[in-house]
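*Asks:* Next come a sequence and a model predicted from it.
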Amino acid sequence: MNAPNALLHRREVVEELLRDRGDLLVIAGLGAPNWDISAAGDNPNNFPLWGAMGAASMMGLGLALAQPKRKVLVITGDGEMLMSIGALATIAVQKPANLTIAVLDNERFGETGMQMTHTAAGVDLAGMAAAAGFPTSRTVRTMQEVSELREQIHHASGPLFARIRIDPEALYFVLPPADGGILTTRFRQALLGDTSLYN
Amino acid sequence: MANPQTSEPAIKAPTPPQAWPDEVYRVLKDVGVRQVGIVPDAGHSRLIRAFEADTEARVVTLTTEEEGIALLAGAWLGGERGVMLLQSSGVGNCINMLSLPATCRMPLLLLVTMRGEWGEFNPWQIPMGQGTKGALEAMGVIVTRADEPHLVASAVSGAAHLAFNTWRPAAVLIGQRVLGAKNFKELARK
Ligand SMILES: Cc1ncc(C[n+]2csc(CCOP(=O)(O)OP(=O)(O)O)c2C)c(N)n1
Ligand SMILES: [Mg+2]
């Protein structure tokens, strides 16, 4: 059990968000969020990014618009989200009901040596998402709230934004396939069927 | 002191520029485009209006063009085809994001209206306009150009089939000659 003010551990958070995930589609931002979703179990419904910093949330939008009957979860870092902060405005305008953006906020660029990001200086990602027009935007600080968020991902009408405050711990890597062609092909095959293999 | 303002006329495109956006719209519909990412350019306004009136298509206005590369990658993962309409200056905003279609063997279709070339008035458009083709090619995008209105639709059709059949990024550069050039001095007089 966490002490009341202890920071959440990212692998526990992601494991809970992805518990009994059903047919949830998941995109992870580069670096640690990629290793986190992979630690919870590599899955063809995962698209873990290894680059293209700033792509995660907009990929989530394109996917959510293309697959309105499926739930789409983007899990990314505060640094990655800040790089494409305008995407919050773009997404809020499009109002995809099936999309959740969950930012693992360690207030650091973890992957590159734990340098401080703007959130360490008080920049409020949940406030920015709310101001952009996300109907639901919250900060999550406890595992109880993580479980509530998990429920909302599956059942609430979005778009949802959650900033999850986590410990700036550096953990071992858990690597999914690295080749973009393999990641794309297996994702599309799982979602769209074998016909997606034919040009 | 005010600048001396000459009476040189706006440089007009050589043939009536009306038809090509409608032809391009038909081509894009025929290849099944459903998501349309845009950062507007005047040269795209007629095509944008056509898609805005189209209930089967979703127009996604972007804050920066690199969002469009990621949007269309997500669309492809979800089984939808898309296009981005952008100005040549916006190509510069996309460069690292073009790693995504290049690495993931994804189709990408970009229709780029050119500035910073034929008839340009604004010097700020020159560096990126002159660098557009090189920047795209450096990132693995297959580039074709259309410099006459009646050739635009066939260039778009060719690029779209190349992109969606071989799963590669492709761009069509629509020359400033097709679009006509603004005369800023004339506009300043109004
Ligand atoms: C365009 C670009 N700039 C910089 C980098 C280097 N880089 C890789 S991961 C990363 C930080 C990611 O931070 P965050 O998203 O907060 O993830 P964390 O590791 O903290 O969970 C940076 C700056 C990059 N890959 N691409
Ligand atoms: Mg971080």
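*Replies:* That came through, no problem. Ligands and ions are numbered 1, 2, ... in the order given.

*Asks:* residues in contact with the residue lying closest to A:L99 once chain neighbours are set aside?
*Replies:* With C-beta to C-beta, 6 or more residues apart in numbering or on different chains as the criterion, A:L99 has its nearest non-adjacent residue at 4.0 Å, and that residue is A:A64. Backbone N, C-alpha and C define where each C-beta goes, glycine included. For A:A64, the contact set (C-beta atoms under 8 Å, 6 or more residues apart in numbering or on different chains) comprises A:70, A:72, A:96, A:98-99, B:74, B:78.

*Asks:* what's the closest of these to A:L18?
*Replies:* A:V72 (13.2 Å; C-beta to C-beta).

*Asks:* B:A70: which element?
*Replies:* Using DSSP states H and E, B:A70 sits within helix B:65-77.

*Asks:* Direction included, what does the helix or strand following that helix pair up with?
*Replies:* Once the chain leaves helix B:65-77, the next helix or strand it forms, by DSSP H and E, is strand B:81-87. When pairing is defined by DSSP bridges, strand B:81-87 lines up against strand B:33-38 (parallel), strand B:108-113 (parallel).

*Asks:* And strand B:81-87, what's buried?
*Replies:* B:81-87 (16 or more other C-beta atoms under 10 Å in any protein chain shown).

*Asks:* bridging residues for the residue most central in space within chain A?
*Replies:* Nearest residue to the geometric centre of chain A (C-alpha atoms, centre = their mean): A:I75, 1.0 Å. Beta-bridge partners for A:I75, by DSSP bridges, are A:A28, A:A102.

*Asks:* What ranges does chain B have for its strands?
*Replies:* For chain B, the strands defined by DSSP state E cover B:33-38, B:58-61, B:81-87, B:108-113, B:142-146, B:169-174.

*Asks:* Could you export those as CSV, including distance to B:Q18 and mean pLDDT?
*Replies:* Below are these laid out as CSV (distance: least, C-beta to C-beta, whole Å; pLDDT from 0 to 100):
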stretch, distance to B:Q18, mean pLDDT
strand B:33-38, 20, 98
strand B:58-61, 21, 98
strand B:81-87, 17, 98
strand B:108-113, 15, 98
strand B:142-146, 16, 98
strand B:169-174, 14, 98
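
*Asks:* okay, those strands in TSV with distance to ligand 2 next?
*Replies:* Listed next are those as TSV, based on distance: least, C-beta to the ion, whole Å:
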stretch	distance to ligand 2
strand B:33-38	27
strand B:58-61	27
strand B:81-87	29
strand B:108-113	28
strand B:142-146	36
strand B:169-174	29
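
*Asks:* just checking, which of the contacts of A:A64 belong to helices?
*Replies:* Those of these mapping onto helices are B:G74, per DSSP state H.

*Asks:* Out of the contacts of A:A64, list just those in strands.
*Replies:* Using DSSP E, the contacts of A:A64 in strands are A:72, A:99.

*Asks:* looking at it, B:R105 is touching A:R188, isn't it?
*Replies:* No. With contact defined as C-beta atoms under 8 Å, B:R105 does not reach A:R188; the gap is 10.8 Å.

*Asks:* Those two - which one has more neighbours?
*Replies:* Set side by side, B:R105 and A:R188 show more neighbours around A:R188, with 20 against 17, by other C-beta atoms under 10 Å in any protein chain shown.

*Asks:* Skip the chain neighbours and tell me the closest residue to that one.
*Replies:* Per C-beta to C-beta, 6+ apart, closest to A:R188 is A:S196, 4.2 Å.

*Asks:* can you pull the contacts of the one you found?
*Replies:* A:185, A:188-189, B:79.

*Asks:* mind listing the helices for chain A?
*Replies:* With helices called from DSSP H, chain A shows them at A:10-17, A:32-39, A:56-66, A:78-83, A:86-94, A:125-132, A:143-155, A:180-192.

*Asks:* what's in contact with the shortest one?
*Replies:* Surrounding helix A:78-83, the residues in contact under the criterion C-beta under 8 Å, 6+ apart are A:29-31, A:33, A:53-54, A:56-57, A:88, A:101, A:103-111, A:117-119, A:123, A:125, A:163.

*Asks:* Buried ones among the residues you listed?
*Replies:* A:29-31, A:33, A:53-54, A:56-57, A:88, A:101, A:103-111, A:117, A:119, A:125, A:163.

*Asks:* Check those residues one by one and keep those near chain B.
*Replies:* Restricting the buried ones among the contacts of helix A:78-83 to those near chain B by C-beta under 8 Å from any C-beta of the partner chain leaves A:53-54, A:56-57.

*Asks:* So which of the residues you listed is the closest to ligand 2?
*Replies:* For these, the minimum distance to ligand 2 (C-beta to the ion) is 11.5 Å, reached by A:M53.

*Asks:* how about that closest one, what does it touch?
*Replies:* Counting by C-beta under 8 Å, 6+ apart, A:M53 touches A:29-30, A:79-80, A:83, B:96.

*Asks:* ok, and which of those residues reach ligand 2?
*Replies:* Contacts with ligand 2 within the contacts of A:M53, as defined by C-beta under 5 Å from the ion: A:G79.
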